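Trainee: okay, sequence plus prediction incoming.
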Amino acid sequence: MSDGHEHTGHEQVPSRQRRRFPGISSRAYEHPADRSALVALRKLSGFDTVFKALSGLLPERSLRLLFLSDSVRVSDRQFAHLNDMLRDACYILDLEKVPPMYVNQDPQPNAMCIGLDEPIIVVTTGLVELLDEEEMRAVIGHEVGHALSGHAVYRTVLLFLTSLAVRVAWIPLGNLAVMAIVTALREWFRKSELSADRAGLLVGQDLRASMRGLMKIAGGNHLHEMNVDAFLEQAEEYEAGGDLRDSVLKILNVLPRSHPFTTVRAAELKKWQASRDYQRIMDGHYPRRAEDKDTSVRDSFRESAASYATQVRGSKDPLMKLVNDIAGGAGDLGDRVRRGFSGFTATQPRPPKDAGGPGDPSTGPDGTGGGDGTTGGGDGTTGGGDGTGGSKGTGGDGTGGPDAPPPRG
């Protein structure tokens, strides 16, 4: 990373004084959409008791035995540095019971927090080898944040319910209902990951370390080849770039994912770290766990709706801008929609009535009225242009006509 220092994979960063948050409620760092769902579930009388009784139907016992028998349990005698970071994270977030943590042999960098009766944390050897001490501290804080929020319980239960719903998908319209449940569940999962990223920042209290960790997950252990600012610029370009077609593709790309894209996570975390909410927590002003039972479900859903509305208003995404214009009653929406989807509806340009003589690049069989490839739809990725959508030098039908997919690359 271009900060003037060469980073090894496992540099030892000296311990430093960090702030502690006694009695902190997970509501302090939860994303509004995540918080509203959790508050509603916590308000359901007997929810935890009933569904924890279902643990016998879930493979939780099997997972615990699997990790106990085939992974390394973190302790004072095994992976002692990880044990110190785990206890430190629980101390910072005031989590009374330290969850068990295991290191599992797997070259894929990953970490998870699962369990109904009590959460367990699992990290892979690929992650341990990839991250330095401060980066790993943020990841462990991320998983402890999941445990404090109760994500392990609710995630496991809702995954079970989703699996159960799939079995009855043969019922008429059952598949549509299942897809609606799964889509909503994954959206919540993605928001819960943003919540846990915030918890990791509260534990590590080092934004640069959190950013480095996300960069390594995206690009491997090549920090000397990466730059935080450039990485964040990718997130901005991803949000603002393209037209309505790209907006649709972004939605389709993210729907099957349980985690947001890494650049998006980095940008969201940086935005939260610069917010007043983060500063208030660091100043000691945050909701306490003792107040959780008095939290209003209605207020939580209101905050969630307000968060989505703010996101739409401030978004640079073309589709979100269109939604904003609709809400504002813009008068040229029809024209904007047509322009946004021009690549899907572009038609083959007709040759002019007066064909030019030989050698005229704008007419004749080589051009078919398509000029030099800069007309009929743009740069070749919007249904016309340089021959990828049916224009220049292809005798009229291009390489697939107006509906040809854009080239990869």
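Mentor: Yep, that arrived.
Trainee: just checking, next helix/strand downstream of the host helix or strand of Arg64?
Mentor: Counting by DSSP states H and E, the element that carries Arg64 is helix 60-70. Next in sequence after helix 60-70, counting helices and strands by DSSP H and E, comes strand 72-73.
Trainee: and that following strand, average pLDDT?
Mentor: For strand 72-73, mean pLDDT is 98.
Trainee: helices or strands up against it?
Mentor: Helices and strands touching strand 72-73, by 3 or more Cβ pairs under 8 Å, 6 or more residues apart in numbering; DSSP states H and E, are strand 101-104. (Each C-beta comes from the backbone N, C-alpha and C, glycine too.)
Trainee: pull up the pairing partners for the helix or strand that the strand it packs on is followed by, direction included.
Mentor: Per DSSP H and E, the first helix or strand lying C-terminal to strand 101-104 is strand 111-114. Sheet pairing of strand 111-114 (DSSP bridges) gives strand 120-124 (antiparallel).
Trainee: counting by contacts, list what the helix holding Arg64 packs against.
Mentor: When contacts are defined as 3+ Cβ pairs under 8 Å, 6+ apart, helix 60-70 packs onto strand 101-104, strand 120-124.
Trainee: what does the shortest one contact?
Mentor: Applying Cβ atoms under 8 Å, 6 or more residues apart in numbering, the contact partners of strand 101-104 are 67-68, 70-74, 78-79, 82-83, 86, 120-125, 128, 140.
Trainee: just the CA atoms of it, as CSV, please.
Mentor: The C-alpha trace of strand 101-104 is given here as CSV (Å, rounded to 0.1, in the frame of the first residue of the first chain):
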residue,chain,number,x,y,z
MET,A,101,-13.2,-19.8,18.6
TYR,A,102,-11.7,-22.3,16.3
VAL,A,103,-9.1,-22.2,13.5
ASN,A,104,-10.0,-24.4,10.6
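Trainee: any idea of the mean pLDDT for that strand?
Mentor: Summarised as a single mean, pLDDT over strand 101-104 is 98.
Trainee: quick one: end-to-end distance for stretch 113-123.
Mentor: 9 Å (Cα to Cα, to the nearest Å).
Trainee: in it, what's buried?
Mentor: 113-116, 119-123 (16 or more other Cβ atoms under 10 Å).
Trainee: what about the helices in the stretch 101-250 of the chain?
Mentor: 125-130, 133-149, 151-167, 174-204, 207-219, 228-240, 244-254 (DSSP state H, counting those that start in this stretch).
Trainee: for these, which one ends up most surrounded?
Mentor: Comparing the helices of the stretch 101-250 of the chain by mean neighbour count (mean count of other Cβ atoms under 10 Å), helix 133-149 ranks first with a mean of 26.
Trainee: any chance of the helices and strands packed on helix 60-70 in JSON lines, plus distance to Pro256?
Mentor: What follows is those, written out as JSON lines (distance: least, Cβ to Cβ, whole Å):
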{"stretch": "strand 101-104", "distance to Pro256": "24"}
{"stretch": "strand 120-124", "distance to Pro256": "22"}
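Trainee: just give me the closest of the buried residues of stretch 113-123 to Trp272.
Mentor: Trp272 lies nearest to Cys113 out of those, by Cβ to Cβ, at 20.2 Å.
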